[in-house]
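# return atomic coordinates for the entry below.
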Amino acid sequence: VELVESGGGLVQPGGSLRLSCAASGFTFSSFAMKWYRQGPGKERELVAGITSAAGIRNYADSVKGRFTISRDNAKKTVYLQMNSLNPEDTAVYYCNARSTWTGRVYDYWGQGTQVTVSS
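Predicted coordinates:
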């Protein structure tokens, strides 16, 4: 099982980035996918999620209207489009895959990708 994030980097305030998370080793389409982040000195927080079947999306209040989560089950990839970035968005962003099957929870994490918003 592997989740590999990419697309992070340094961006100026007001800019955009698109994060990708490529999955392998499990049935991607059966898993809910989420993006978390952890800023300097902060707790890890949920940023956005998308369900497996219906593709229902949810967002943290702090990113609503600016971030968009999407998934491509054929490519086994989940994306996070981030617009209107501000310095408070600076964090390591983590991809998470989660599913429950016959009472067992399957929970996988990527290694994270750094996003820095600074002028």
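# where does Asn83 land on pLDDT?
The per-residue pLDDT reported for Asn83 equals 98.
# my read: it touches Val63, true?
No. In this structure, Asn83 is not within contact of Val63 by CB atoms under 8 Å, at 9.6 Å. All C-beta atoms are positioned from the backbone trio N, CA, C, and that covers glycine.
# more neighbours: these two, which one.
Using other CB atoms under 10 Å, the more surrounded residue of Asn83 and Val63 is Val63, with 23 against 14.
# that one and Val4, how far apart?
22 Å (CB to CB, to the nearest Å).
# for the longest strand along the chain, which helices and strands make contact with it?
In the chain, with assignment by DSSP state E, the single longest strand is strand 91-101. Here strand 91-101 touches strand 2-6, strand 17-24, strand 32-38, strand 104-109, strand 113-117, going by 3 or more CB pairs under 8 Å, 6 or more residues apart in numbering; DSSP states H and E.
# what comes into contact with it?
3, 5, 8, 19, 21, 23, 26, 28, 30-40, 42, 44, 47, 52, 78, 80, 105-115 (CB atoms under 8 Å, 6 or more residues apart in numbering).
# do stretch 4-18 as well
19-22, 79-87, 93-95, 110-119.
# swap in 6 Å and give it another go.
19-22, 81-83, 85-86, 95, 110, 113-117, 119 (CB atoms under 6 Å, 6 or more residues apart in numbering).
# restricted to buried residues, select the contacts of strand 91-101 in ChimeraX.
Buried residues within the contacts of strand 91-101, by 16 or more other CB atoms under 10 Å, are selected in ChimeraX with:
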select :3,5,8,19,21,23,26,28,31,32,33,34,35,36,37,47,52,78,80,108,110,112,113,115
